[in-house]
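Peer 1: the following comprises the amino acid sequence and a computationally predicted model.
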Amino acid sequence: MAAAIALAHATGARAAPDPDSTSVSRPDSAALVPQRDVTDIFRDITHQQIRTQVESEPRPGLSLTLLPSVGYNPSYGFFIGASASVAGWLGDPKKTQLSSGSLGASYSTTHQVSVQFRSDFWLPGNQWDLKGDWRYLDTSQPTYGLGPAEPAQQPDSMDFVLYRLYQAAYLRMGGSQIYTGFGFLFDRYDEIRDHGAEAGERTPFSTYSGGTPSRTQSVAISANILIDTRDNPINGARGLYWNASIRSYQRVLGSDHSTQGLWSDFRSYTRLPGGTRNVLAIWSYLWFTFGKPPYLDLPAIGWDTYGRGGRGYLQGRIRATNQLYNEFEYRLRFTRDGLWGGVAFLNIMASTQPENGTFGTLDLGYGVGLRVKFNKKTNTNASVDAARGQDEKTRFFFGLQEVF
């Protein structure tokens, strides 16, 4: 969430007008209502005018924002840290999509350290898109074994340090909205401690690994495809997004094992009913592995790029060799000025069983959330969601920007 906070402020520095407010294809009476966000509330309470750098017309260049960050996540507890973000246009804004990058560091009440850098840089004319996901995590996380969530599964505590470097480059195909490219993926889990195995117990990690390795390493090259027609990457109301990759992990590159992986991330956004500002958003991803990757590299809920999947579950609660994930979210605007809104969501997960590799019972998550407009120029919302999973425990998730 720290990175998201900085991104919201940075994009506000030079932001294009909200596309919703200029739509002419479907008349929208709400477009005539002045939009409001939290800075307007602050101004109303304090009677102070907040100076911003928002411009009516975007122009090329990146803006830097430095911010403290605080937040909460059910897997890590409360955390505090700092973040630095850049956002803006690396070319003519009329021909180039918004670029962003964020570097955040945090420390949580459960003594976990996180340093993460994520980037999405569009070069002039959208000829190239450069996506990065770099992480350092000194963390602890329980594992429950492989396959769908079962009530009888007990958590086994694990500690590890993760070094991750994912970088991909996408080239535009002619004048289309289709991009193809290549990527490099590096994951090293170090200082792995399986507390159950150290106590002499048979654990999911030791059973799968045939022991208790203290380090695993996976290095891959990938072939990628990208299609992005969203009207707003922060809070889409129309369009679709598809990013897929075939990944080849090879010993010659430094991997412990030669394996393959398939990742596909699809999202769509539709006004429903048409002519309103309510949106039906759909997120569908699949994550398959072939061979025998290290245990901590297996598909796991909440380990997507931004760690937002699987509301209702702790990160890593469901792990398997293959996973299918679908989420449906209906986004409503409560007030015509856009200040208040809400969501209702349902996610459905299918995971393969360790005994026979077939998909087992479905795991469901569901909940509702409240939205308040944090930045009306970038259409960024602050959010709080209450979600429940198979264990019927209510968990709260806080964030800035939508989950997908």
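Peer 2: Cool, the structure landed. Predicted, not measured: the structure shown is a model, and the values here were computed from it.
Peer 1: quick check: which element contains the spatially most central residue of the chain?
Peer 2: Nearest to the geometric centre of the chain sits residue 306, at 2.5 Å (C-alpha atoms, centre = their mean). Here residue 306, judged by DSSP states H and E, is contained in no helix and no strand.
Peer 1: not counting sequence-adjacent ones, nearest residue to it?
Peer 2: Nearest residue to residue 306, sequence neighbours excluded (C-beta to C-beta, 6 or more residues apart in numbering): residue 118, at 7.4 Å. Backbone N, C-alpha and C define where each C-beta goes, glycine included.
Peer 1: contacting residues around the one you found?
Peer 2: Each residue near residue 118 by C-beta atoms under 8 Å, 6 or more residues apart in numbering is listed here: 3, 101-102, 132-134, 305-306.
Peer 1: hey, C-alpha coordinates of stretch 372-389 in CSV?
Peer 2: C-alpha atoms of stretch 372-389 as CSV (Å, rounded to 0.1, in the frame of the first residue of the first chain):
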residue,chain,number,x,y,z
VAL,A,372,-13.6,7.5,-0.8
LYS,A,373,-12.1,9.5,-3.6
PHE,A,374,-8.5,10.2,-2.7
ASN,A,375,-7.5,12.0,-5.9
LYS,A,376,-10.3,13.1,-8.3
LYS,A,377,-7.8,14.0,-11.1
THR,A,378,-6.5,10.4,-11.3
ASN,A,379,-9.7,8.8,-10.1
THR,A,380,-7.8,7.1,-7.3
ASN,A,381,-9.8,5.7,-4.3
ALA,A,382,-8.8,4.9,-0.8
SER,A,383,-10.4,1.6,0.2
VAL,A,384,-11.3,-0.6,3.1
ASP,A,385,-12.7,-4.1,2.4
ALA,A,386,-14.2,-6.6,4.8
ALA,A,387,-13.8,-10.1,3.4
ARG,A,388,-14.5,-13.7,4.4
GLY,A,389,-13.0,-17.0,3.2
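Peer 1: what comes up buried for it?
Peer 2: 372-383, 385, 387-389 (16 or more other C-beta atoms under 10 Å).
Peer 1: swap in stretch 392-399?
Peer 2: By 16+ other C-beta under 10 Å, the buried positions in stretch 392-399 come out as 395, 397-399.
Peer 1: so which of those residues are in strands?
Peer 2: Among those, DSSP state E puts 395, 397-399 in strands.
Peer 1: max pairwise distance over these: which two?
Peer 2: Greatest spatial distance in these: 395 and 399, 13.1 Å, computed using C-beta to C-beta.
Peer 1: and the helix or strand where residue 115 lies, how far out from the chain middle?
Peer 2: Per DSSP H and E: residue 115 is located in strand 113-122. Distance of strand 113-122 from its chain centroid, counting by C-alpha atoms, centre = their mean, to the nearest Å, is 11 Å.
Peer 1: leaving out the residues flanking it, which one is nearest to residue 348?
Peer 2: residue 326 is the one closest to residue 348 (C-beta to C-beta, 6+ apart), at 4.9 Å.
Peer 1: what bridges to residue 323?
Peer 2: Counting by DSSP bridges, residue 323 forms beta bridges with residue 287, residue 351.
Peer 1: neighbours of it, how many?
Peer 2: Using other C-beta atoms under 10 Å, residue 323 is surrounded by 26 other residues.
Peer 1: likewise for residue 313?
Peer 2: Residue 313 has 25 neighbouring residues, counting by other C-beta under 10 Å.
Peer 1: does it sit in a helix, a strand or a coil?
Peer 2: Assigned with DSSP: H, G, I helix; E, B strand; the rest coil, residue 313 falls in the coil class.
Peer 1: wait, doesn't residue 232 sit right on residue 377?
Peer 2: No - judged on C-beta atoms under 8 Å, residue 232 makes no contact with residue 377 at a distance of 11.0 Å.
Peer 1: and the residue nearest to residue 348, which helix or strand is it part of?
Peer 2: strand 322-333.
Peer 1: that strand: which residues count as buried?
Peer 2: Residues of strand 322-333 classed as buried: 322-327, 329, 331, 333 (neighbour count, 16+ other C-beta under 10 Å).
Peer 1: so which elements touch it?
Peer 2: Here strand 322-333 touches strand 279-290, strand 340-351, going by 3 or more C-beta pairs under 8 Å, 6 or more residues apart in numbering; DSSP states H and E.
Peer 1: please tell me how far the last one is from the chain's geometric centre.
Peer 2: A distance of 14 Å separates the C-alpha centroid of strand 340-351 from that of its chain, computed with C-alpha atoms, centre = their mean.
Peer 1: equivalent analysis for the first one, please.
Peer 2: Centroid displacement of strand 279-290 relative to its chain, using C-alpha atoms, centre = their mean, is 12 Å.
Peer 1: what angle separates it from strand 340-351?
Peer 2: Counting by axes from the mean of the first three to the mean of the last three C-alpha atoms, to 10 degrees, strand 279-290 lies at 20 degrees to strand 340-351.
Peer 1: next, the angle strand 322-333 makes with strand 279-290.
Peer 2: Strand 279-290 and strand 322-333 are oriented at 170 degrees to each other (the same axes, to 10 degrees).
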